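Peer 1: please find the sequence and the predicted model below.
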Amino acid sequence: MSGYRLGSAEVADTFAEAFPMRYTRILITAATDAWALEAARSMTGFATSVIGCKCEAAIERSLTSAETPDGRPGIAVLLFAMDREGVGKRVLERVGQSVMTCPTTACFDGLEGEDKTVPLGASLRYFGDGFQASKVIAGKRFWRIPVMEGEFLVCESVGVGRGVGGGNVVIGAGDEDAALAAALAAVEAMRGAGIALPFPGGIVRSGSKVGSVTSKSMPASTNHQMAPTLRVQVDDTLVPDGVGAMFEIVIDGVSEDAVREAMRRGLHAASGAGATHLTAANFGGKLGQFHFPLSELRDPP
């Protein structure tokens, strides 16, 4: 099927390619919305790509006091890694360093009922140096770790689910301002339950390809095919004439459907916000088992 027009944008006849990942959801609560957000921002820092960060993480959504286990304001965080062991290592590090250290916080499992789990409070409890105490609430064990303001309450373990990583859309326009405005509109439309946009502000300008043209040691390098400044220097450019800037939005989700629908929302939002070219990054279908043809996302969300 050939490409099509969506509002002001030409949509390329291509697909996004994604791959299986494992993930967990952490519910962070605190005395105020502001402290919950501080902890969540710290926990999701330096978590843009498994290539260099070993995990990908982002704030999923804010939680009202009616939605949290302890009746306080909260934030749901999604963290993705390539396997369950990776999820376990990263969540332990990040909760220990960024949530337990943040004033007034507590930490709960946002994936209760999953068959697979990884330890959290079961390992963090040793920070209590023997003064920690356990408590069972509604059949689930928690640990109370003494800290200088009182206690840090943390669940013993967290569930690990099967998710999808690497879904994406690429948004182009005549200049940087126009492309960025369209990308921001797409990000706003994509955010929501089951979705993590791990790059700064949800947007990445340094899109990558697998490997390198000039170095065998590089696992990834700049996606020269989508770099407007290289359009006249490379034979395989994918940047159309008239496009002066492109931004990529990478999407991790709790399911194939979640990623697909986030891509649909993003494409339609970008097309209504000034994008002139919409496409996606893939590696010929060799990297990931999940394929999202843009031709199937024509209908509005």
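Peer 2: Looks like it came in fine. Quantities reported herein were computed from a predicted structural model and do not represent experimental measurements. Residues are numbered from 1 along each chain as shown.
Peer 1: quick one: contacts for Ser98?
Peer 2: Residues near Ser98 by CB atoms under 8 Å, 6 or more residues apart in numbering: 39, 42-43, 45. All C-beta atoms are positioned from the backbone trio N, CA, C, and that covers glycine.
Peer 1: how about 6 Å then?
Peer 2: Shown in contact with Ser98 (CB atoms under 6 Å, 6 or more residues apart in numbering): 42-43.
Peer 1: tell me, what's the model's pLDDT at it?
Peer 2: According to the prediction, Ser98 has pLDDT 98.
Peer 1: pLDDT below threshold where in this structure?
Peer 2: The chain contains residues with pLDDT under 70 at 1-2.
Peer 1: how does it divide into domains?
Peer 2: 4-18+162-297, 22-161 (automatic domain parsing).
Peer 1: residues in contact with the residue nearest to Asn223 when sequence neighbours are not counted?
Peer 2: Nearest residue to Asn223, sequence neighbours excluded (CB to CB, 6 or more residues apart in numbering): Gly207, at 4.1 Å. Gly207 sits next to 223, 226, 248 when contact means CB under 6 Å, 6+ apart.
Peer 1: Val210 too?
Peer 2: When contacts are counted by CB under 6 Å, 6+ apart, Val210 touches Phe283.
Peer 1: so where do the helices sit in the stretch 201-301 of the chain?
Peer 2: Assigned by DSSP state H, counting those that start in this stretch, the stretch 201-301 of the chain shows helices spanning 256-271.
Peer 1: my bad, the stretch 51-200 of the chain
Peer 2: 84-94, 121-124, 176-190.
Peer 1: of the ones you listed, which approaches Pro200 most closely?
Peer 2: Of all the helices of the stretch 51-200 of the chain, it is helix 176-190 that lies closest to Pro200, at 10.7 Å by CB to CB.
Peer 1: what helices and strands are in contact with the closest one?
Peer 2: Contact analysis of helix 176-190 by 3 or more CB pairs under 6 Å, 6 or more residues apart in numbering; DSSP states H and E lists strand 157-173, strand 245-253, helix 256-271 as its packing neighbours.
Peer 1: how far is the first one from where the chain is centred?
Peer 2: Average the C-alpha atoms of strand 157-173, do the same for its chain, and the two points are 5 Å apart (CA atoms, centre = their mean, to the nearest Å).
Peer 1: how big is the angle separating it from helix 256-271?
Peer 2: Note on geometry: by axes from the mean of the first three to the mean of the last three CA atoms, to 10 degrees, strand 157-173 and helix 256-271 are set 30 degrees apart in direction.
Peer 1: list the buried residues in strand 157-173.
Peer 2: Within strand 157-173, the residues that count as buried by 16 or more other CB atoms under 10 Å are 157-161, 163-173.
Peer 1: picking that back up, may I see the helices of the stretch 51-200 of the chain organised as TSV, with distance to Phe152 added?
Peer 2: As requested, these are exported to TSV (distance: least, CB to CB, whole Å):
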stretch	distance to Phe152
helix 84-94	14
helix 121-124	8
helix 176-190	32
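Peer 1: could you export the helices and strands packed on helix 176-190 as TSV, including distance to Ala34?
Peer 2: Shown next, in TSV, are those (distance: least, CB to CB, whole Å):
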stretch	distance to Ala34
strand 157-173	24
strand 245-253	26
helix 256-271	27
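Peer 1: between the helices of the stretch 51-200 of the chain, which one is nearest to Thr237?
Peer 2: The closest of the helices of the stretch 51-200 of the chain to Thr237 is helix 176-190. By CB to CB, the value is 16.4 Å.
Peer 1: isn't Gly110 right up against Ile28?
Peer 2: No: using CB atoms under 6 Å, Gly110 makes no contact with Ile28, being 9.4 Å away.
Peer 1: and those two? Which one has more around it.
Peer 2: Neighbours were tallied for Gly110 and for Ile28 using other CB atoms under 10 Å; the higher tally belongs to Ile28 (30 against 21).
Peer 1: so which strand or helix has that one?
Peer 2: Following DSSP states H and E, the helix or strand that holds Ile28 is strand 15-29.
Peer 1: counting by contacts, list what the helix or strand just after that strand packs against.
Peer 2: Under the assignment DSSP H and E, the closest C-terminal helix or strand after strand 15-29 is helix 33-43. Contact partners of helix 33-43 among helices and strands, from 3+ CB pairs under 6 Å, 6+ apart: strand 15-29, strand 74-81.
Peer 1: deepest-packed of these, please.
Peer 2: Most buried of these by mean neighbour count (mean count of other CB atoms under 10 Å) is strand 74-81; its value is a mean of 27.
Peer 1: which strands border it, and is each parallel or antiparallel?
Peer 2: Partner strands and pairing direction for strand 74-81 (DSSP bridges) are strand 15-29 (antiparallel), strand 56-63 (antiparallel).
Peer 1: let me know which of those strands is the nearest to Leu92.
Peer 2: Closest to Leu92 of the strands paired with strand 74-81 is strand 15-29 (CB to CB; 10.7 Å).
Peer 1: cheers, nothing more for now.
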